[in-house]
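Trainee: Build me a structure from this.
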Amino acid sequence: MPVLLELRASINSTRGESSKLSQRFVERWCAKHTDTRVVVRDLATDPVPHLTAERFQAFLTPAADRTPAQVAHVQASDALIDELKLADIVVLGLPMYNFGIPSTLKAWFDHVARAGVTFRYTESGSIGLIGDKPLYILAARGGLYQGTERDFQTGHVTLFFNLLGIRNIQFVYAEGLNISPESKEASLEVAREAIDALI
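Mentor: Coordinates of the predicted model:
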């Protein structure tokens, strides 16, 4: 049974436009692949704690030397990593906040990227340990950024998942959502059509 991991990064949970697009993708995918098991990680309703020195030290401490609190920190991180490892396909609903990714998604990044666990350093660069898999990113933005020097988000997210070994990445953009009601609906319709075409 294939597993689909849906990551929702909107602070508005299912009400966010990026979440609506990711849900559309999941619904269309499951209608075609009826044996798919969906795992949802909603970072608004179940936020990942931001990384602290205490949590980071827990990751660095050898397993045999960890305190009970450190064990709990590592187990929480391991659970997120296991979700990603077990997924055959990943769908990310990605809003843009102040030119970047939501802080809740950054917190998820910081718990999933662990040297020696999800990637390792070598003299010729890092090597991802998660393994490649399809990643579909549904990006919703208030303005127009795609292909411009102001799009700091696309490169950041791509680089992060490449670090883990995920290179099969496709973006669908819905931009200009705050320009006008007409611009919003036109852009969302283009994004919906792109999602349907992908599936």
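
Trainee: List the buried residues in the strand or helix carrying residue 106.
Mentor: In the assignment (DSSP states H and E), residue 106 maps to helix 103-112. Residues of helix 103-112 classed as buried under the neighbour-count rule (16 or more other C-beta atoms under 10 Å) are 104, 105, 106, 107, 108, 109, 110, 111, 112. The way it works is simple: take the backbone N, C-alpha and C, and place the C-beta from them, glycine included.

Trainee: Run through who's touching that helix.
Mentor: With contact meaning C-beta atoms under 8 Å, 6 or more residues apart in numbering, helix 103-112 is reached by 7, 9, 11, 41, 43-44, 47-51, 55, 76-77, 80-81, 84, 94, 97, 101, 118, 160, 164.

Trainee: what about that helix, distance to the chain center?
Mentor: The chain centroid and the centroid of helix 103-112 are separated by 9 Å under C-alpha atoms, centre = their mean, to the nearest Å.

Trainee: Alpha carbons of that helix, as PDB, please.
Mentor: Provided in PDB are the C-alpha atoms of helix 103-112 (Å, rounded to 0.1, in the frame of the first residue of the first chain):
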ATOM      1  CA  SER A 103       8.400  29.400  10.800                       C
ATOM      2  CA  THR A 104       6.500  26.200  11.600                       C
ATOM      3  CA  LEU A 105       7.900  24.600   8.500                       C
ATOM      4  CA  LYS A 106      11.400  25.800   9.400                       C
ATOM      5  CA  ALA A 107      11.000  24.100  12.700                       C
ATOM      6  CA  TRP A 108      10.000  20.900  10.900                       C
ATOM      7  CA  PHE A 109      13.100  21.300   8.700                       C
ATOM      8  CA  ASP A 110      15.300  21.700  11.800                       C
ATOM      9  CA  HIS A 111      14.000  18.500  13.400                       C
ATOM     10  CA  VAL A 112      14.200  16.400  10.200                       C
END
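
Trainee: mean confidence score for that helix?
Mentor: In this model, helix 103-112 has a mean pLDDT of 98.

Trainee: Following element in sequence after that helix, please.
Mentor: Sequence order places strand 119-122 as the next helix or strand after helix 103-112, per DSSP H and E.

Trainee: Check which helices and strands that next one is in contact with.
Mentor: strand 125-128 (3 or more C-beta pairs under 8 Å, 6 or more residues apart in numbering; DSSP states H and E).

Trainee: what does the strand it packs on rub up against?
Mentor: So strand 125-128 is contacted by 118, 119, 120, 162, 163, 164, 165, 166 (C-beta under 8 Å, 6+ apart).

Trainee: which of the residues you listed sit farthest apart?
Mentor: The two members of the contacts of strand 125-128 with the most space between them (C-beta to C-beta) are 120 and 166, at 15.2 Å.
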